[in-house]
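K.L.:
show me the folded form of this:
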Amino acid sequence: MMRKNNGNEKIEQMAELKVNRKYKDTVFRMLFSDKERLLELYNAVSGKNYNNADELEIVTLENAVYMGMKNDLAFLLNMNIYLYEHQSTVNPNMPLRDLFYITSEFSELVELKSLYSSALIKLPTPNFVVFYNGDIEIGDVSEYRLSDSYMTRVEEPALELRVTVLNVNYGKNVKLMEQCESLKEYAQYVALVRKYKQETGSLDDGVKLAIEHCINEGILEDFLRKNRSEVEMTSIFEYNKEEEDRKLYEAGVEQGMEKGIEQGIEKGVKQTKRKVACSLMKENMPLDKIASIIDVGVKELEKWKTEME
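P.N.:
The predicted model follows:
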């Protein structure tokens, strides 16, 4: 049986959750903020076999907010720093976000006065991973690069940052899921929320049914029993945010397509004007007259004429 919450109590819980957080938390972050689970996830992603969670130091910046959302998890292990981020929408700007974030992390780790020392400052090696579970189809593994944003492409950019994107929707990256039971069960929970939301037409009911289903089937059972109310509220916020992000993404794609069409039309018009101009030049028509007919500057016509010769 599903638990029934008093309406006023639910509103108060949601208001309190919203006020107490400077960013929107995620179930992913709640789950893997536990060091044992985080180490399990790290081992699955890296292929390593660490067994002492105390060797892992979580260094997530509590007050760093970028684009309304902080980095989900940052941790140090074996002279490396890892930035793990959960994403439910395609976001090619992750390398730029991670660049801002890792800069803040290094600022926390290094005393500014030491920058002027003659001794080389040693830094933990950064690693960036996004765990994607949106409903837009992508491959099991992909990569974003900071250099993809550069206006001028160069073979070896002076500044590069690579982000590995792992598709963690249920049924994807099967080997990874087999090596991390917590990630697999998280993927099952997300899939169930979507399933029940579609069946009921209600996000609230979909989340409640998914939680109940998972507890009954032993999926994230201890975690959900302990954090049931917060997971419910967080999931509602999270999926509302996902819908907002999806609309922004679709608007961006549509805008990009429109811009591409406009550029194509402009290119076609210019090619047609040039073809007409060249024909009129062959008839020895004065350039100023051609310019007035096809609405092109005389200097541009002179350039075209030189290229013809």
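K.L.:
from here on, just use CA atoms for contacts and neighbour counts.
P.N.:
OK.
K.L.:
name the helix or strand for residue 76, please.
P.N.:
In this assignment (DSSP states H and E), residue 76 forms part of strand 73-77.
K.L.:
in the stretch 101-250 of the chain, mark out all the helices, start to finish.
P.N.:
For the stretch 101-250 of the chain, applying DSSP state H, counting those that start in this stretch gives helices covering 174-179, 181-200, 203-217, 221-282.
K.L.:
would you single out the least confident of those helices?
P.N.:
Confidence, taken as mean pLDDT, is least for helix 221-282 of these (a mean of 69).
K.L.:
note down every partner strand of the helix or strand in which residue 84 is found and its orientation.
P.N.:
Using DSSP H and E, residue 84 maps to strand 80-87. Strand 80-87 pairs in its sheet with strand 73-77 (antiparallel), strand 125-132 (parallel), by DSSP bridges.
K.L.:
with mean pLDDT added, can I get those strands in CSV?
P.N.:
Shown next, in CSV, are the strands paired with strand 80-87 (pLDDT from 0 to 100):
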stretch, mean pLDDT
strand 73-77, 93
strand 125-132, 96
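K.L.:
now distance to residue 109 and mean neighbour count too, for these, in a markdown table please.
P.N.:
Converted to a markdown table, these look like this (distance: least, CA to CA, whole Å; neighbours: other CA atoms under 10 Å):
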| stretch | distance to residue 109 | mean neighbour count |
| --- | --- | --- |
| strand 73-77 | 11 | 19 |
| strand 125-132 | 13 | 19 |
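K.L.:
with distance to residue 161 added, can I get these in JSON lines?
P.N.:
JSON lines is the format used below for the strands paired with strand 80-87 (distance: least, CA to CA, whole Å):
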{"stretch": "strand 73-77", "distance to residue 161": "16"}
{"stretch": "strand 125-132", "distance to residue 161": "8"}
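K.L.:
and those: which comes nearest residue 95?
P.N.:
When the strands paired with strand 80-87 are compared by CA to CA, strand 125-132 sits nearest residue 95, at 8.4 Å.
K.L.:
run the chain-centre distance for the closest one.
P.N.:
The chain centre lies 11 Å from the centre of strand 125-132; the measure is CA atoms, centre = their mean, to the nearest Å.
K.L.:
cool, and stretch 165-181?
P.N.:
17 Å.
K.L.:
what residues of it count as buried?
P.N.:
165-170, 172-173, 176-177, 179-181 (16 or more other CA atoms under 10 Å).
K.L.:
list the contacts for the nearest residue to residue 153 once chain neighbours are set aside?
P.N.:
Closest residue in space to residue 153, ignoring its immediate chain neighbours: residue 147 at 7.4 Å, by CA to CA, 6 or more residues apart in numbering. Listed by CA atoms under 8 Å, 6 or more residues apart in numbering, the contact set of residue 147 reads 153, 157, 159-161.
K.L.:
ok, now residue 205?
P.N.:
196-197.
K.L.:
what is the burial count for residue 226?
P.N.:
Residue 226 has 10 neighbours, counted by other CA atoms under 10 Å.
K.L.:
can you give me the distance of the residue positioned nearest the centre of the chain to residue 166?
P.N.:
When CA atoms, centre = their mean is applied to the chain, the residue found nearest the centroid is residue 91 (3.7 Å). From residue 91 over to residue 166 the distance is 13 Å, taken as CA to CA, to the nearest Å.
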